[in-house]
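1. Make a model of this:
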Amino acid sequence: MSDTLAYQTGYEEEYRSELLNGIPVMMAPASSTHTYVSDNILHCFKSYLKGRQCVPFGDNLLVHLTENDQFIPDVMVVCDRRKIRLDGIYGAPDLVVEVLSPSTARNDKGYKRNAYESGGVREYWIVDTSHRSIEVYILENGRFVLDNLYTLYSEEALSRMTEDEKAAVSTELKCHLFSDLMIPLEDIFIGLF
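-> Model (predicted):
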C-alpha cells in the first residue's frame, strides 16, 4: 500500500496543472534543456536582485492572475511584495519568462501571452531553446510590443554572415524592467546539451 501511495505522490508532484480560462491544463515534466535554461535565467535575476526590492521566483509558484487564469511561469520577477503570499503570487508579476516546450508553446505564445498582456505584466520573454532565441515583449499602452528577438548564433552561422550582419547581432539581452541589466545570451544558453 505504501508503494502505491509513494507512486501517486510522485505523480502528483511531477504533473502539475494550470488554469487557462477556467479549464485545468496539465503541465508535463520539463526536459533537462528546459530546466537548465530556466535555472540560468533565474540565477541571473537572483544575482542582480540580491538585496533589492524586487524578488525573482522559479517555476514552483502559482500566479493567480485572475479567478480563471492561474499559471506557473518558468521564471518571474515581482516588485510589489504585497502580491507575494505563501500559496502564490496574487496579481501580475512585473516580468514573466516562459521557456517553450512542444506541449506548451501554443499556450505560451497565444492564450497565456494575451492573459499576461491584459493582466498588466510589464515585460514578457518567450525563450526557444531549440533556436537559442528569446522574444522580448514590452507592455506599451496596455499592449505587448515586440521589443527585440535575440538569438545566440553558432560560430558556423556567424562565419556565413557579412561584417555588417555580424555587427548588428546583439550578444546581450536588454532587460527593460531594470535599465542597467544586460544579460549575455551565452549566460542563458551556455552548456546546452
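2. Okay, helices next: where are they in this protein?
-> 2-14, 32-49, 105-109, 111-119, 155-159, 163-168, 185-189 (DSSP state H).
3. In CSV: these, plus distance to N68, mean pLDDT and mean neighbour count.
-> Any C-beta I mention is one placed from the backbone N, CA and C, and that applies to glycine too. Formatted as CSV, those follow (distance: least, CB to CB, whole Å; pLDDT from 0 to 100; neighbours: other CB atoms under 10 Å):
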stretch, distance to N68, mean pLDDT, mean neighbour count
helix 2-14, 23, 40, 9
helix 32-49, 25, 95, 17
helix 105-109, 14, 86, 16
helix 111-119, 9, 95, 19
helix 155-159, 42, 91, 9
helix 163-168, 42, 91, 9
helix 185-189, 32, 95, 18
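4. of all those, which lies closest to V145?
-> Evaluated with CB to CB, these place helix 111-119 nearest to V145, the distance being 10.0 Å.
5. For that closest one, which helices and strands make contact with it?
-> Judged by 3 or more CB pairs under 8 Å, 6 or more residues apart in numbering; DSSP states H and E, the packing partners of helix 111-119 are strand 16-20, strand 123-128, strand 133-140, strand 143-151.
6. most neighbours per residue, which of these?
-> strand 123-128 (a mean of 22; mean count of other CB atoms under 10 Å).
7. then that one to CSV, C-alphas only?
-> Extracted in CSV, the C-alpha atoms of strand 123-128 (Å, rounded to 0.1, in the frame of the first residue of the first chain):
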residue,chain,number,x,y,z
GLU,A,123,7.8,42.6,-19.7
TYR,A,124,7.3,39.1,-21.2
TRP,A,125,10.1,36.8,-22.5
ILE,A,126,9.4,33.7,-24.7
VAL,A,127,12.5,31.5,-24.8
ASP,A,128,13.0,29.0,-27.6
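8. picking up where we left off before, I'd like the helices of the chain written out as TSV, with distance to R132 added.
-> Converted to TSV, these look like this (distance: least, CB to CB, whole Å):
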stretch	distance to R132
helix 2-14	27
helix 32-49	9
helix 105-109	15
helix 111-119	20
helix 155-159	10
helix 163-168	16
helix 185-189	5
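9. who's I126 bridged to?
-> Beta bridges link I126 to E98, E135 when assigned by DSSP bridges.
10. quick one: it and E135 touch, right?
-> Yes - contact status for I126 versus E135: in contact at 4.4 Å, counting by CB atoms under 8 Å.
11. re earlier: could you dump the helices and strands packed on helix 111-119 into TSV with distance to D59 and mean pLDDT added?
-> Output for the helices and strands packed on helix 111-119, formatted as TSV (distance: least, CB to CB, whole Å; pLDDT from 0 to 100):
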stretch	distance to D59	mean pLDDT
strand 16-20	9	88
strand 123-128	12	96
strand 133-140	17	97
strand 143-151	21	96
